[in-house]
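**Student:** predicted model and sequence follow; I will ask about them next.
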Amino acid sequence: MGAHPWLYQVPYDPDIGKALAELREREFRAGRYNPAEPFPKFPVDPRRAPGAKHPTIEAARQAAGASGTRSILDMLGISARPSPGAVTPLDEDDLMDVFATSTPTRDNLEDDEALFDMIERGQGVSFAIYENGLPSEICFAGYSYD
C-alpha cells in the first residue's frame, strides 16, 4: 500500500510544539486515526468524529503497528531536520519553492501537490497560514508510514 496524506489547520500559536500536542489530542479524542478508522478521510472532516477506541495515544500507536495511525498521531515532536515521526517547520526558502510566497494563505493550499512532493513517508511539515498579512493558522501536513 502507498502512504496516505494528512493535512490539518489549527489556530495560530507561536508555540508549534504546543499546537502539535493539542492537535494530536484533538484527533485522538475524535477517533480520526487507524485502527479506530482504518483509512481516515482526507482532507479531514472536523464534523466527523467516530471517537477514540483506545485508552491513550500510545496505545493507539501500538495497535496501528507498522502501518502507523495514518494521522498526526504518528508525529511525536518537532525537528529542525526531516526525520521519521517528526514535524519540520518549513523555512522561507521552502515556502517560496512550494507556494511562491513566504506568507501563504488558505488559497495557496488549494494546489498542495508541490507541498506533498517534498514530504517523505512517516514525516510531516508545518508552516503558518496568513490572513491580512498576519499568521492566523498553523498547517500541519504529512504522510503516513504505509
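**Tutor:** Sure, I can see it.

**Student:** which one's the longest strand in the chain?
**Tutor:** The single longest strand within the chain, with elements called by DSSP state E, is strand 134-143.

**Student:** what's the model's confidence in it, averaged?
**Tutor:** Averaging pLDDT along strand 134-143 yields 97.

**Student:** ditto for stretch 3-16
**Tutor:** Mean predicted lDDT for stretch 3-16 stands at 95.

**Student:** how far does that stretch sit from its chain's centre?
**Tutor:** Centroid separation for stretch 3-16 versus its chain: 5 Å, with C-alpha atoms, centre = their mean, to the nearest Å.

**Student:** what does stretch 95-111 give?
**Tutor:** Relative to the centre of its chain, stretch 95-111 is centred 16 Å away, using C-alpha atoms, centre = their mean.

**Student:** who's in contact with the worst-scoring helix or strand of the chain on mean pLDDT?
**Tutor:** In the chain, the helix or strand scored least confidently by mean pLDDT, DSSP states H and E is helix 113-117, which has a mean of 91. With contact meaning C-beta atoms under 8 Å, 6 or more residues apart in numbering, helix 113-117 is reached by Pro5, Asp97, Val98, Phe99, Leu109, Val125, Ala141, Tyr143. C-beta: built from backbone N, CA, C; applies to glycine.

**Student:** separate out the buried members of those residues.
**Tutor:** Burial by neighbour count, judged by 16 or more other C-beta atoms under 10 Å, picks out Pro5, Val98, Phe99, Leu109, Val125, Ala141, Tyr143 from the contacts of helix 113-117.
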